[in-house]
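Undergrad: Generate coordinates for the sequence data below:
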Amino acid sequence: MLAALPAAAEPAPTPPAAAEPDPTPPAAAEPDPTPPAAAEPDPTPSASTAPAPAADPLASLKAEAKKQNKRIEIESYRTETSTTYANPDGKTLRVELSTEPVRVKKADGKGFTPIDTTLVEADGVIKPKAAKGNLVLSAGRDKTLLKSQAADATTKITTPSALPAPKLKGNTATYRSAYGKGRDLMVTATRTGFQQQITIAERPTGPVSFRVPVDLPKGMSFAKNAAGRPTIVGKDGKTLTEVRPTLMRDAKAADTDAPLDAGKIGKAAVTLAEDGKTLIFTPDAAFLADAATTYPVTMTAAASDWYEGHTGDWQHGGMDAYINDYDLTDSWDTFADPEIVVGKSYASSIAKRWRGYLKFPDIPAEFAGSKVENADLNLWNHQSNTCGESVGSGITARRITSSWDDMLLYWNSQPSVTSTGADGPSPRSVDTLSAG
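TA: Got it, this is the predicted structure:
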């Protein structure tokens, strides 16, 4: 990664890896020069009857790429998260992988269309133009906020009262005053589902809480753990996800154009109502009352990431998250963000260290056993002024060597990494971007 301190980098949709199939053909069996002692036929095949090496099905495309001196996409290898090219050297292939889908299959199942999460209204409902799964939002005048379907798993979220017609902007639908005057409900369409947020326009004069009824996919339900926190459990009663306190950002912290450490962040407690289906979000009263908190405040509510990894449709296999050593020590607060943050920051006499984690899907099955000659990690810099000219002075990328989950990263229990293959020989483990 090439990023500065601090660096907020958005995962690039196409980190490349060049893979070359093993060009060595199977060895042809030589005839046994020793004549058989008996009259039985020699079981060893002669050179003339040995099977010929299998023809390279991509030979014509490789030849064409060499002829045109440019890479050519192999469309038959295209998937939701990968793109494969024949390189102009006529020998190797280039595979680009993304942590999230970059395209989805067309409705008729023939070919793909690029992801476009822009929300549009049609036939009385609101949908993203093209996204993984099937997300349907309310166009207003009812209590069903959304239905989200992935494979055969459907989730429904409702509201305590009828919704107004939303205001659409890009991939976000805003339902003005859905929870009372100045308390808007927002739903953002993501590449694979949705994220729900509630905004509070003015400093409240008393306690505030928000009820969010959620019907989970079939086979999942809410329960409580020993600490009394809501959990999502499967048919067997085993915990799939613990619903932990959610993040709140004041106006400055929520401003994507503001400096990294601008504004204040807080937490909203989450409890399960007696009906076993409604989540109750209660923002920290001290945070809301703090004179340093700038309004409006944005509170994270429900997200499809909470359960979609357990629906049987989680095929793309990529994930990313970031944490720091001060106030975002838990990736539960960051796994759904569209960027990752790595490096160091210093503001208001507070120093912070940030680390980002990335996991890309497995290389396509067609290349099993192939030799990877080169792999590059491509990210975009944002709010960075320098990257450092050597490892230890800037950002170091290291390979992760133990299992991890983008919703279960903690600063005090990070997965192991190796310096083998890192961006240099320095043993210092600072400002780390890890991939695995």
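Undergrad: Every contact and neighbour count from this point should use C-alpha atoms.
TA: Will do.
Undergrad: Which residue ranges of the stretch 301-436 of the chain form strands?
TA: Ranges of strands within the stretch 301-436 of the chain are 319-324, 340-347, 350-359, 371-375, 379-380, 396-400, 417-418, 432-435, based on DSSP state E, counting those that start in this stretch.
Undergrad: most tightly surrounded among the ones you listed?
TA: Of all those, strand 319-324 carries the top mean neighbour count, a mean of 25, counting by mean count of other CA atoms under 10 Å.
Undergrad: Measure how far it is from the centre of its chain, please.
TA: Between the mean C-alpha point of strand 319-324 and the mean C-alpha point of its chain there is a distance of 10 Å (CA atoms, centre = their mean, to the nearest Å).
Undergrad: can you pull the alpha-carbon coordinates of the helix or strand that residue 173 is a member of into CSV?
TA: When secondary structure is defined using DSSP states H and E, the element that contains residue 173 is strand 172-175. C-alpha atoms of strand 172-175 as CSV (Å, rounded to 0.1, in the frame of the first residue of the first chain):
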residue,chain,number,x,y,z
THR,A,172,-29.1,6.6,0.1
ALA,A,173,-32.8,7.0,0.8
THR,A,174,-33.7,9.5,3.6
TYR,A,175,-37.0,9.3,5.3
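Undergrad: Need the residues that contact the very next helix or strand once past that strand.
TA: Scanning forward in sequence from strand 172-175, with DSSP H and E defining helices and strands, the next element found is strand 183-189. Strand 183-189 is contacted from outside by 117-119, 128, 135, 171-179, 194-201, using CA atoms under 8 Å, 6 or more residues apart in numbering.
Undergrad: ok, residue 121 touching residue 129?
TA: No. In this structure, residue 121 is not within contact of residue 129 by CA atoms under 8 Å, at 9.6 Å.
Undergrad: any weak-confidence spans in the stretch 251-400 of the chain?
TA: Along the stretch 251-400 of the chain, the model assigns pLDDT under 70 to residues 310-317, 383-394.
Undergrad: what about the residue nearest to residue 68 when sequence neighbours are not counted, neighbour count?
TA: On the basis of CA to CA, 6 or more residues apart in numbering, the spatially nearest residue to residue 68 that is not a chain neighbour turns out to be residue 88, at 7.3 Å. When counting by other CA atoms under 10 Å, one arrives at 20 neighbours for residue 88.
Undergrad: Next, the contact list for residue 88, please.
TA: Remark: with contacts taken as CA under 8 Å, 6+ apart, residue 88 is in contact with 62, 65, 66, 67, 68, 69, 70, 71.
Undergrad: circling back to that earlier point, in CSV, list the strands of the stretch 301-436 of the chain along with distance to residue 241.
TA: Rendered in CSV, the data for the strands of the stretch 301-436 of the chain read as follows (distance: least, CA to CA, whole Å):
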stretch, distance to residue 241
strand 319-324, 16
strand 340-347, 22
strand 350-359, 20
strand 371-375, 33
strand 379-380, 30
strand 396-400, 23
strand 417-418, 25
strand 432-435, 23
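Undergrad: out of those, which comes closest to residue 244?
TA: Ranking the strands of the stretch 301-436 of the chain by their distance to residue 244 (criterion: CA to CA) puts strand 319-324 first, at 15.7 Å.
Undergrad: what about residue 110, how many neighbours?
TA: Residue crowding around residue 110 was assessed by other CA under 10 Å; the count is 8.
Undergrad: that's a helix at residue 62, yeah?
TA: Yes. Under DSSP: H, G, I helix; E, B strand; the rest coil, residue 62 sits within a helix.
Undergrad: That one against residue 90, yeah?
TA: Yes. Checked against CA under 8 Å, the pair residue 62 and residue 90 is within contact range at 4.5 Å.
Undergrad: Mind checking which of the contacts of residue 88 land in helices?
TA: Using DSSP state H, the members of those that fall within helices are 62, 65, 66, 67, 68.
Undergrad: count of residues packed around the last one?
TA: Yep, that's residue 68 we're talking about. Under the neighbour criterion other CA under 10 Å, residue 68 is assigned a count of 10.
Undergrad: I'd like the numbering to begin with 6 instead of 1 from here.
TA: Shifting the count to begin at 6 puts that one at residue 73.
Undergrad: Would you mind measuring from it to residue 91?
TA: Distance of residue 73 to residue 91, computed by CA to CA, to the nearest Å: 11 Å.
Undergrad: thinking residue 99 is in contact with residue 89, fair?
TA: Yes. Residue 99 is within contact range of residue 89, at 5.6 Å (criterion: CA under 8 Å).
Undergrad: What's opposite the residue most central in space within the chain in the beta bridge?
TA: Here the mean C-alpha position of the chain is nearest to the C-alpha of residue 324 (CA atoms, centre = their mean), at a distance of 3.7 Å. Beta-bridge pairing of residue 324, defined through DSSP bridges, involves residue 364.
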